[in-house]
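[1] let's see this in three dimensions:
(2 chains)
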Amino acid sequence: GNSVTQMEGPVTLSEEAFLTINCTYTATGYPSLFWYVQYPGEGLQLLLKATKADDKGSNKGFEATYRKETTSFHLEKGSVQVSDSAVYFCALSTPTSGNQFYFGTGTSLTVIP
Amino acid sequence: DAGVIQSPRHEVTEMGQEVTLRCKPISGHDYLFWYRQTMMRGLELLIYFNNNVPIDDSGMPEDRFSAKMPNASFSTLKIQPSEPRDSAVYFCASSFGAGAGANVLTFGAGSRLTVL
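    Alright, predicted model coming up:
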């Protein structure tokens, strides 16, 4: 089946610290992989995506590389800011699953000044 | 495009009342999804449509929940009768040609439901 597992939170970092949020997946077929971000009181927004193995998605200083050999899509940022405080969701979508999206449980990040 | 539009943004009702949540997807999107988010269960897929046809409603909690999509630009999620455990944020999302490639799921701002 299809599923996404991401690291448990909450995560608290100081401003300018390095961020890694781990995400691994199980999928039938060839999935597209996504990171979504949810700021307080808002809906989820696409942060970045990758559609095939070895692709790197990037946006707003965040990066994630589609690793087929380790079935992973870890989110990284070199220097976090207070404004990055949010909940981050890893997700996958595959045509063989009826085009559903499968989300992880979300990881809450708080960045303190 | 104004994005995915949901209404109401907030709804407070009493147990037993009917609740109707509304969604206008992005024009041209052929997939529409309804999700529910709670602290306890996280983000749950309730139902999704393709070209206005329900494809998978296995996530709908029980018969009190129903969803319709009468045309490409409008969908409703109805709860009748409502119960306190239905309190949650309900999200509508839409996409075009879901699957590998350029597909992106776009979410609305959500409808926060409180059932007293």
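[2] what strands line up against the helix or strand bottoming out on mean pLDDT in chain A, and which way round?
    Within chain A, no helix or strand scores below strand A:101-103, which has a mean of 90 by mean pLDDT, DSSP states H and E. Here strand A:101-103 has these sheet partners by DSSP bridges: strand A:86-93 (antiparallel).
[3] dihedrals phi and psi, the nearest residue to A:Ser3 once chain neighbours are set aside?
    Leaving aside its sequence neighbours, A:Ser3 sits nearest to A:Thr26 (C-beta to C-beta, 6 or more residues apart in numbering or on different chains; 4.9 Å). No exception for glycine: its C-beta is placed from N, CA and C like everyone else's. Dihedral pair for A:Thr26: phi -130, psi 130, per degrees, to the nearest 10.
[4] for A:Gly29, same thing?
    Dihedral angles for A:Gly29 - degrees, to the nearest 10 - are phi 80, psi -150.
[5] contact partners of the least confident helix or strand of chain A?
    Strand A:101-103 has contacts (C-beta atoms under 8 Å, 6 or more residues apart in numbering or on different chains) with A:2-4, A:25, A:34, A:36, A:89-93, B:33, B:42-43, B:45, B:98, B:105.
[6] contacts for the next helix or strand along the chain from that strand, please.
    Next along the chain after strand A:101-103, taking DSSP states H and E as the criterion, comes strand A:107-112. The contact list for strand A:107-112 (C-beta under 8 Å, 6+ apart) reads A:6-15, A:17, A:19, A:21, A:80-89.
[7] where does chain A come near chain B, residue by residue?
    A:30-32, A:34, A:36, A:42-46, A:49, A:51-52, A:89, A:91, A:93-95, A:98-101, A:103, A:105-106 (C-beta under 8 Å from any C-beta of the partner chain).
[8] done for today, thanks.
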